[in-house]
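[1] Sequence first, then the predicted structure, then my questions.
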Amino acid sequence: MANTYAFNSTAGFDEALAIKASAVLKVIYKYRLNRSGLGSETSDSHDMFKFFVLVYDQVRANQTIKMCLPAFPFKSPNDKCKVLGRLPDMAEQFALAHLNGLCAAIEDIYPPGAELTIISDGLVYNDLLGVPDKHVWAYGQALRDLAVEKGFGNNIKFSRLQDLLHVFPGNDLDEITYVANATEFRRALLNTFGRPDFDASVEICCNEDTCMTYRGYIKFLETDLRHVYPLGSDRSKSKFKRGTEHIAKSMLMRGDAFARAVRERFPNHLRLSIHPKGSVSNPNPKTQTNTKLPISLLPNTTPGTTPWHCCLGLKADGTILSLPRSQFDSDPSFELILSHSGHGSYYREKSPFSWDSPQVFIQPLYPCGLLIQPLVPNSLPITSIPILSIRALAEHNSPICLRGFKQTTNRDLFIQKAKEMGTTLGWPGRYEVIMSVKDVGTEFDEKGNPVVSSLSAEKMAFHYDGVFKTTQDPETGKISSLPPRFQMFVAVTPSPSNTGLTLFAASRLLFRYLEQNYKHVVSLDVLKECTMSLNTTAFGGVSLSGLPLVVEHPTTKLPCLRYHEHWPKSKTKFGPMNCRLKISERGQGGMGLTDEVVRGVLGDLLYDRRVCYRHAWSKGDVVVSDDFAMMHTRTEFVSGGGRELWRIHID
């Protein structure tokens, strides 16, 4: 059944639902693919209307937003120059985290949420590239296992070729049956959905999207098949080129059948694509398929690379690269990191402050930070942690999560490790070194101050700790913000039912996506000219004004956000935090900015899943975060579970 892209006339048009549908679509568009890796592709108004109608109809029915993405076929057969092996690695892990973030971001504003079905096109093409059917099965199965392991299963689903053909549905398929029937699946696809009159040469000439896809096929086939069909006395460059062109045209023919199958089996899904879109519409009605929205699979700064054609690289500052294996292997500043199982996982930039130990495994967190674990859980005590290296790592890529170490909840050892890191800062009037964030009650005085050593279970505002740590000039009496350099946490208890998450938003990512998605509204240069004032009756009473909204990091020299969300009494049992921004003359005049507009943009970015890491606490977790580079807050949690964290501020 083809999409009609028309509103249900009996249901009428609801403006409030249209606004909600537009908000959902705005989230999806933030993940669009672009050729440069940093901008956004544009779609014509006709395509945008089609996308809107699909989303609106699902919002009107209060349904989960359904999306589908043909992708994740198998690893490139060129494991000498392009990839690390046959199975998913850190590139796929980050891609799934990125796509899961897209679904979660929709749920943040639309409670029914979103569901993305990844439709593997592996069996459609693998025989053309010399990839065995069993390798396609192994890749797809490992991808499913990875999604479950990382907790993405609620948002991301998977579909294989046979599901489009309604053979061996559900869980009735195993590896042997899959491999034994793979050829029949391909034949059934072409028999059911193939077009005998399909002429790849004509389509390449007449359809810009097809031409772009063809050129993309040629480009990756030249490298994918370099070692499958090596040049030699019996194979010249021109012969190899003719062969890849023939394979690419066969892929177009099969791709046309596959697209028709996807259109029929997923008629009401928003069709996502890994391919860039051409600038003209398809002139051939026979090849019309679901309108496709190109999206990026990786949060990288290198353009348009798919995880099954590349390796993931992590720079010391947290920047993600996706490049062919050969480029990392030839760069002495990068080293290959192995997984727990001993297989290649990703590349990491070498740096003088790295913690290099064969006893630990370090992996990047999405979208920022590092997870460091002993290879053997509970084999290393907290005293073995090189805390000055952790401090240096945190300055460049916070937060640093240390999981699976022994004795982390030993109070004396925790304080000792904090003192090794720097000067510990007390909490005047209530705490000495450790602030115990403990769920033991929610009593408050008339000014909103907690009267017991407890915190409310409510959601908190994004902030930096300079709001609560101030200094007063003895001569002028002026109060200035004095944020600590670092926070160091340990979880005495786990997060109750995965609530009470601690959120960390990285300024470097916030400003990256500000430039990408909000440059037409406000620029970083204008934010640097803005100041903030705030006041609250809580925390002994705080009143600050003229605080710069953006400051320079003392080590990296990168811009860092200094902000507290406006948090009125309606949102908190604490004393409300009144925050106002003073917009520069240039911002007011040239861009028409207001306090409300800028706070709206900052609010969107702080909670953006591409910017904000959400940490669910396991017992014994130690987290170190740079209080200059990161903003932080906490989600609500179910009170009564005894949730407890210890926190120390360090200079």
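    Nice, I can see it.
[2] Specify the residue ranges that define each domain of this protein.
    According to automatic domain parsing, the chain comprises the domains 15-306, 411-650.
[3] Dump the ones you listed into CSV; add mean pLDDT, mean neighbour count and distance to Gly404 as well.
    Quick note: C-beta positions are derived from backbone N, CA and C, even for glycine. Below are those laid out as CSV (pLDDT from 0 to 100; neighbours: other Cβ atoms under 10 Å; distance: least, Cβ to Cβ, whole Å):
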stretch, mean pLDDT, mean neighbour count, distance to Gly404
domain 15-306, 89, 18, 16
domain 411-650, 87, 18, 7
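[4] how about the ones you listed, which one is nearest Gln359?
    For Gln359, the closest of those is domain 411-650, at 16.3 Å, according to Cβ to Cβ.
[5] where along the stretch 101-250 of the chain do the strands fall?
    Secondary structure of the stretch 101-250 of the chain (DSSP state E, counting those that start in this stretch): strands located at 114-119, 156-159.
[6] Can you tell me the strand partners of the longest one and which way each runs?
    Neighbouring strands of strand 114-119 in its sheet, by DSSP bridges, are strand 65-70 (parallel), strand 156-159 (parallel).
[7] ok so, going back, to Ala394, which of the domains of the chain lies closest?
    Checking the domains of the chain against Ala394 by Cβ to Cβ gives domain 411-650 as the closest, at 4.7 Å.
[8] need the contact list for the spatially closest residue to Ser389 that is not a sequence neighbour.
    Counting by Cβ to Cβ, 6 or more residues apart in numbering, the nearest residue to Ser389 once its immediate chain neighbours are dropped is Trp355, at 4.7 Å. Shown in contact with Trp355 (Cβ atoms under 8 Å, 6 or more residues apart in numbering): 362, 372, 386, 389-390, 393.
[9] Now with 7 Å, please.
    362, 372, 386, 389 (Cβ atoms under 7 Å, 6 or more residues apart in numbering).
[10] what's the closest of those residues to Tyr513?
    Nearest member of those to Tyr513, counting by Cβ to Cβ, is Ile362, at 25.3 Å.
[11] Partner strands of the helix or strand that closest one falls within, with direction?
    Assigned by DSSP states H and E, Ile362 falls within strand 360-364. Neighbouring strands of strand 360-364 in its sheet, by DSSP bridges, are strand 370-374 (antiparallel).
[12] now the partner strand: how far from the chain's centre is it?
    Offset of strand 370-374 from its chain centre (Cα atoms, centre = their mean, to the nearest Å): 19 Å.
[13] How about stretch 65-84?
    The answer for stretch 65-84 is 18 Å, by Cα atoms, centre = their mean.
[14] That stretch spans what distance, first to last residue?
    35 Å (Cα to Cα, to the nearest Å).
[15] and if you look at stretch 562-576?
    18 Å.
[16] And for that stretch, what's in contact with it?
    442, 444, 447-449, 456, 458, 461-464, 466-467, 532, 534, 536-538, 547-551, 577-579, 599, 602-603, 631.
[17] if you look at the residues you listed, which of them are in strands?
    Secondary structure from DSSP state E places 532, 534, 536, 547-548, 550-551, 578-579, 631 of the contacts of stretch 562-576 in strands.
[18] Go through these and name the one nearest Ala71.
    Checking these against Ala71 by Cβ to Cβ gives Met631 as the nearest, at 33.0 Å.
[19] Ala461 is in contact with that closest one, correct?
    No. If you go by Cβ atoms under 7 Å, Met631 and Ala461 don't touch, sitting 9.8 Å apart.
[20] Show me whatever sits in contact with both of the two.
    Residues touching both Met631 and Ala461 (Cβ under 7 Å, 6+ apart): there are none.
[21] about what we covered before: the domains of the chain: which one's closest to Ser351?
    Closest approach to Ser351 among the domains of the chain (Cβ to Cβ): domain 411-650, 12.4 Å.
[22] Reformat the strands paired with strand 114-119 as a markdown table; add distance to Gln141.
    A markdown table is the format used below for the strands paired with strand 114-119 (distance: least, Cβ to Cβ, whole Å):
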| stretch | distance to Gln141 |
| --- | --- |
| strand 65-70 | 18 |
| strand 156-159 | 10 |
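[23] mind checking which of these is nearest Pro483?
    strand 156-159 (37.9 Å).
[24] where's the closest residue to Tyr56 other than its chain neighbours, which helix or strand?
    Leaving out its chain neighbours, the residue that sits closest to Tyr56 by Cβ to Cβ, 6+ apart is Ala21, at 4.0 Å. Here Ala21 sits within helix 15-29, counting by DSSP H and E.
[25] Tell me the bridge partners for Glu552.
    For Glu552, the beta-bridge partners under DSSP bridges are Pro559.
[26] The spatially most distant residue from the centre of the chain and Leu547, how far apart?
    No residue in the chain has its C-alpha farther from the mean C-alpha position than Glu475, which lies at 48.2 Å (Cα atoms, centre = their mean). Per Cβ to Cβ, to the nearest Å, Glu475 is found 20 Å from Leu547.
[27] Could you do Thr556 as well?
    According to Cβ to Cβ, Thr556 stands 21 Å off from Leu547.
[28] Likewise for Ser345?
    Ser345 is 42 Å from Leu547, by Cβ to Cβ.
[29] Then Phe504?
    According to Cβ to Cβ, Phe504 and Leu547 sit 21 Å apart.
[30] same check, this time on Thr502
    Applying Cβ to Cβ, the value for Thr502 to Leu547 is 24 Å.
[31] cool, Gly600 as well?
    Computed as Cβ to Cβ, the Gly600 to Leu547 distance reads 19 Å.
[32] Spatially, what comes nearest to His564 if we skip its sequence neighbours?
    Once chain neighbours are set aside, the closest to His564 by Cβ to Cβ, 6+ apart is His463, at 4.3 Å.
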